[in-house]
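Engineer: No letters, just coordinates:
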């Protein structure tokens, strides 16, 4: 696991778990988090988001398998082609990070299903090989099997 990823996790956990420490500060919790994210990303990158700054968006259609209708009422799983917008991204807030760099983790995929009547539904997924590899080695969440 990269040191940069460990710093991100430590920072997020520390800030989220100890809000009382932040009382009396001049900046709000959101402002303090934003400042730390900017620092981790090596500064502000104008025109890019704090996280998932690099990626690609594709358009397509999704057609569910016929058997899924028997286990779900979700509109996009009832048959027929559904237009989708899919975003693949690196998790880092650095737009120039190489895709193969461990500092680009976690990888993200967001899918928006455009349903009839102008409505939509979405799914979001993140994958971090470092967390899964460390868990398999017994590092994270010892004694708890989160991947059953």
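Structural biologist: Great, that's in hand. Nothing here was measured: the structure is a model prediction, and the numbers come from that model. Numbers count the residues shown, from 1 in each chain.

Engineer: How many residues are close by the closest residue in space to residue 35 that isn't next to it in sequence?
Structural biologist: Closest residue in space to residue 35, ignoring its immediate chain neighbours: residue 27 at 7.2 Å, by CB to CB, 6 or more residues apart in numbering. (Each C-beta comes from the backbone N, C-alpha and C, glycine too.) Neighbourhood size, residue 27 [other CB atoms under 10 Å]: 11.

Engineer: just residue 93 next, same as before
Structural biologist: 22.

Engineer: and if you look at residue 66?
Structural biologist: By other CB under 10 Å, neighbour count at residue 66 equals 8.

Engineer: likewise residue 35?
Structural biologist: Neighbourhood size, residue 35 [other CB under 10 Å]: 11.

Engineer: What helix or strand is it located in?
Structural biologist: Counting by DSSP states H and E, the element that carries residue 35 is helix 29-40.

Engineer: Buried residues, that helix. List them.
Structural biologist: Within helix 29-40, the residues that count as buried by 16 or more other CB atoms under 10 Å are 33, 36, 37, 40.

Engineer: export these to JSON lines and tack on pLDDT and distance to residue 80?
Structural biologist: Shown next, in JSON lines, are the buried residues of helix 29-40 (pLDDT from 0 to 100; distance: CB to CB, whole Å):
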{"residue": "33", "pLDDT": "88", "distance to residue 80": "42"}
{"residue": "36", "pLDDT": "89", "distance to residue 80": "46"}
{"residue": "37", "pLDDT": "85", "distance to residue 80": "41"}
{"residue": "40", "pLDDT": "85", "distance to residue 80": "44"}
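
Engineer: Would you check how far apart the residue nearest to residue 35 and residue 93 are?
Structural biologist: Between residue 27 and residue 93 the distance is 19 Å, computed by CB to CB, to the nearest Å.

Engineer: Go ahead and confirm residue 41 touches residue 50.
Structural biologist: Yes - between residue 41 and residue 50 there is a contact under CB atoms under 8 Å: 6.8 Å.
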